[in-house]
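# Quick one, fold the following:
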Amino acid sequence: MHIPDGFLDPKTLVAASALSVAGLGRALWVLRTRMSSRKVPLMGLAAAFLFVAQMINFPVVGGTSGHLLGAVLVSVLLGPSEAILVMSVVLIAQAFLFADGGVLALGANVFNMGIAAVLGGYFFYRLVAAVVRTEYGKLVGAAFGAWASTVLASICCTGELAWSGTVAWSVGFPAMTGIHMLIGIGEALITALVLTAVYRARPSLMSAKDGGTAEPSAKPFAGLLIYGGLITLGLVLFVLPFASKWPDGLEKIAAAVGFDAKAVSPPFVSSPLADYRVPGVGSLSAATALAGIIGAVLVFTVSFILARALHRKSSGDGAGRRR
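Here you go, the predicted model:
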């Protein structure tokens, strides 16, 4: 669902970018007041896992594929503000380094997948969890919220395309929503499976309102980080080579309706690892795997540094208030 440059007109780009800046700014303001030390490495791990997971497309139907969005997954584990920051870091890296989504369209992609999907999906998660007050209810709520997040992001994307005059709403809405309702099923299943595994390893990560604030800070998280890193590396080495090569929902619809030619080629900003390829590596699978590792390490590092800075700011503010 990454929108390339050329699909949206200037007014839509500016409006979407303004909304994204406002949403990300609000998330950063919230995090600077409450970032815990335990979440600092987990933010990096979440970003690395999502980066790799989003590279792995799964087949849906009719020659169309989809991939994990992860907005609700991170929201449930860490909190919605944390998820907005993690998603933004991943989307920025994808656009500038890998040409996955346009640089000018970055604001729209952040809004669709990093803000609307996070807040909308988390709302439905909380709604279901409030009705079914059990751990099972949280899993069901997370699955439904994950499905809804994919559909909501596709609706926002369709609205932007329609407002830009790229495709009529009457054409784009049923096509985009229909295929992403199916992709959302995969999103829901993956989210539920990952959360089930995490819950069995660390039940407290799903026991608090805003994502894992109930566990004592003294309990070590080194094991979780090691296992998470190994799982992420395993996805790169053993799952990524079998990812579906079919176009995703937006690419498929753009080709079917006929606005795929609007994509700017070559892109406005040259990406050093465009299409997840590392120059000089002859093997296609090896080049893609290496790009995945580079991207995972990068987003882990950036998310970790940002979270650490926010934690220090939060601690400093707290000390100032106590004085």
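# which regions of the chain sit below the pLDDT cut-off?
Within the chain, the segments meeting pLDDT under 70 span 204-221, 316-323.
# Can you name the residues that contact residue 123?
Contacts were defined as CB atoms under 8 Å, 6 or more residues apart in numbering; by that measure residue 123 touches residue 145. Glycine gets a C-beta too; all of them are placed from N, C-alpha and C.
# could you point out which element follows the helix or strand hosting it?
Applying DSSP states H and E as the criterion places residue 123 in helix 117-131. Going down the chain from helix 117-131, the next helix or strand is helix 135-163, by DSSP H and E.
# Mind listing what's buried along that following helix?
By 16 or more other CB atoms under 10 Å, the buried positions in helix 135-163 come out as 138-162.
# I'd like the distance from the helix holding residue 123 to the chain centre, please.
16 Å (CA atoms, centre = their mean, to the nearest Å).
# the inter-axis angle of it versus helix 135-163?
150 degrees (axes from the mean of the first three to the mean of the last three CA atoms, to 10 degrees).
# Can I get helix 117-131 in PDB? Just the C-alpha atoms.
Presented in PDB, the C-alpha positions along helix 117-131 are these (Å, rounded to 0.1, in the frame of the first residue of the first chain):
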ATOM      1  CA  ALA A 117      -4.000   2.400  10.900                       C
ATOM      2  CA  VAL A 118      -2.500   2.700  14.400                       C
ATOM      3  CA  LEU A 119      -5.200   4.900  16.000                       C
ATOM      4  CA  GLY A 120      -8.100   3.200  14.200                       C
ATOM      5  CA  GLY A 121      -6.900  -0.300  14.800                       C
ATOM      6  CA  TYR A 122      -6.000   0.400  18.400                       C
ATOM      7  CA  PHE A 123      -9.500   1.900  19.000                       C
ATOM      8  CA  PHE A 124     -11.200  -1.300  17.800                       C
ATOM      9  CA  TYR A 125      -8.800  -3.400  19.900                       C
ATOM     10  CA  ARG A 126      -9.600  -1.500  23.000                       C
ATOM     11  CA  LEU A 127     -13.300  -1.700  22.200                       C
ATOM     12  CA  VAL A 128     -13.400  -5.500  21.900                       C
ATOM     13  CA  ALA A 129     -11.100  -5.900  24.900                       C
ATOM     14  CA  ALA A 130     -13.400  -3.800  27.000                       C
ATOM     15  CA  VAL A 131     -16.300  -6.000  26.100                       C
END
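# buried set for it?
Along helix 117-131, these residues count as buried under the neighbour rule (16+ other CB under 10 Å): 117-126, 128-129.
# in which helix or strand would I find the closest residue to residue 262 other than its chain neighbours?
In space, and not counting its chain neighbours, residue 262 is closest to residue 6: 4.5 Å by CB to CB, 6 or more residues apart in numbering. Using DSSP H and E, residue 6 maps to neither a helix nor a strand.
# how many other residues sit next to residue 6?
Neighbour count of residue 6, defined by other CB atoms under 10 Å: 20.
# same question, the one 4 residues further on
Counted with other CB under 10 Å, the burial measure for residue 10 works out to 9 neighbours.
# tell me the secondary structure for residue 65?
strand (DSSP: H, G, I helix; E, B strand; the rest coil).
# ok, it to residue 157 distance?
Distance, residue 65 to residue 157, using CB to CB, to the nearest Å: 16 Å.
# Let me see the ranges of the strands in the stretch 151-300 of the chain.
Ranges of strands in the stretch 151-300 of the chain, per DSSP state E, counting those that start in this stretch: none exist.
# can you give me the helices in it?
169-201, 222-234, 249-257, 284-322 (DSSP state H, counting those that start in this stretch).
# now those helices as a markdown table including distance to residue 75 and mean neighbour count?
Shown next, in a markdown table, are those (distance: least, CB to CB, whole Å; neighbours: other CB atoms under 10 Å):
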| stretch | distance to residue 75 | mean neighbour count |
| --- | --- | --- |
| helix 169-201 | 10 | 18 |
| helix 222-234 | 17 | 14 |
| helix 249-257 | 22 | 20 |
| helix 284-322 | 15 | 17 |
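# any chance of those in a markdown table, with distance to residue 69 too?
What follows is these, written out as a markdown table (distance: least, CB to CB, whole Å):
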| stretch | distance to residue 69 |
| --- | --- |
| helix 169-201 | 6 |
| helix 222-234 | 17 |
| helix 249-257 | 11 |
| helix 284-322 | 15 |
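# Which one, of the ones you listed, ends up nearest to residue 277?
Residue 277 lies closest to helix 284-322 among these, at 4.8 Å (CB to CB).
# just checking, what packs against the closest one?
Under the contact definition 3 or more CB pairs under 8 Å, 6 or more residues apart in numbering; DSSP states H and E, helix 284-322 sits against helix 10-31, helix 39-55, helix 80-98.
# Any chance of CSV for the ones you listed, columns distance to residue 311?
As requested, the helices and strands packed on helix 284-322 are exported to CSV (distance: least, CB to CB, whole Å):
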stretch, distance to residue 311
helix 10-31, 9
helix 39-55, 6
helix 80-98, 12
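# what's near enough to touch the residue nearest to residue 262?
Residues in contact with residue 6, defined by CB under 8 Å, 6+ apart, are 102, 262-264.
# before we move on, the earlier item: nearest to residue 91, out of the helices of the stretch 151-300 of the chain?
The nearest among the helices of the stretch 151-300 of the chain, by CB to CB, is helix 284-322 at 9.8 Å.
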